[in-house]
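Novice: missing the sequence, but the structure's below:
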């Protein structure tokens with residue numbers, strides 16, 4: 001079957017549909033309107049963006065857990081509120097809250113999981129992803145409110161919990177097995193394979 005066959009194009013369209021719909025929703029959120037006109041203009045913009053700025057096809061795992069997806073959203077909203085309150089408290093408390101750049105090696109080799117982890121950790125007040133090393137699957141976080149090595153490790157483990165939540169919600173079965181087994185970081189496994 002040629003890569004341009006109708007069946008292949010239909011399959012590619014089906015795998016990209018969630019991203020296409022997300023662009024429409026994002027457009028509506030951007031304008032703060034959930035109207036027919038906003039949906040239609042969002043469709044036009046999504047077609048334009050996906051046609052002109054063609055990106056490589058993102059491979060989805062084919063596994064979606066609604067239960068863990070909902071749990072991800074609920075925990076995220078709670079962390080959002082807690083982070084906002086923590087940062088607000090740090091601004092009114094005398095003294096420097098302490099900052100750090102924390103290296104977080106992820107355990108999975110998946111672009112979507114890495115993106116979910118980076119977005120979740122960046123949107124929570126008090127932390128921001130300043131760099132993402134896609135090749136080694138490492139995130140670098142700028143975090144405020146760090147005063148000791150225990151705080152650094154707490155923040156690193158928090159980011160790894162976001163990775164685990166993303167895997168449980170949309171990760172592949174192989175990634176889920178990695179998380180459940182407590183596998184070492186992806187870069188560590190790469191290094192081990194390289195020494196064999």
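Specialist: Structure received. Just so we're clear, the structure is a prediction, and the values are computed from it rather than from any experiment.
Novice: now the spatially most central residue of the chain: how far from residue 69?
Specialist: Nearest to the mean C-alpha position of the chain, by Cα atoms, centre = their mean, lies residue 116 at 1.1 Å. Residue 116 sits 10 Å away from residue 69, going by Cβ to Cβ, to the nearest Å. Where C-beta positions appear, they are placed from N, C-alpha and C, glycine not excepted.
Novice: repeat that for residue 27.
Specialist: Using Cβ to Cβ, residue 27 is found at 22 Å from residue 69.
Novice: what's stretch 162-177 in contact with?
Specialist: 60-65, 68-69, 71-72, 75, 106-110, 112-114, 116-117, 120-121, 178-179 (Cβ atoms under 8 Å, 6 or more residues apart in numbering).
Novice: on that earlier part again, find the nearest non-adjacent residue to the residue nearest to the centre of the chain, please.
Specialist: In this structure, residue 116 finds its nearest non-sequential neighbour in residue 166, 3.8 Å apart by Cβ to Cβ, 6 or more residues apart in numbering.
Novice: give me the secondary structure label for residue 83.
Specialist: helix (DSSP: H, G, I helix; E, B strand; the rest coil).
Novice: do residue 131 as well
Specialist: Residue 131 ends up strand, using three-state DSSP.
Novice: so who does it touch?
Specialist: Applying Cβ under 8 Å, 6+ apart to residue 131 gives the contacts 139, 140.
Novice: bridging residues for it?
Specialist: residue 140 (DSSP bridges).
Novice: measure it to residue 119 for me?
Specialist: Residue 131 is 15 Å from residue 119, by Cβ to Cβ.
Novice: go ahead and confirm residue 156 touches residue 104.
Specialist: Yes - taking Cβ atoms under 8 Å as the definition, residue 156 is a contact partner of residue 104 at 5.3 Å.
Novice: neighbour count winner among those two?
Specialist: Under the neighbour definition other Cβ atoms under 10 Å, residue 156 and residue 104 were set side by side, and residue 104 has more, 23 against 17.
Novice: which element follows the helix or strand containing residue 152 toward the C-terminus?
Specialist: Using DSSP states H and E, the element containing residue 152 is helix 149-170. Next along the chain after helix 149-170, taking DSSP H and E as the criterion, comes helix 173-181.
Novice: would you map the strands across this structure?
Specialist: 99-105, 127-133, 138-144 (DSSP state E).
Novice: okay, the angle between the second one and strand 138-144?
Specialist: Going back to what we said before, that points to strand 127-133. In terms of direction (axes from the mean of the first three to the mean of the last three Cα atoms, to 10 degrees), strand 127-133 departs from strand 138-144 by 160 degrees.
Novice: sweet, I'm off.
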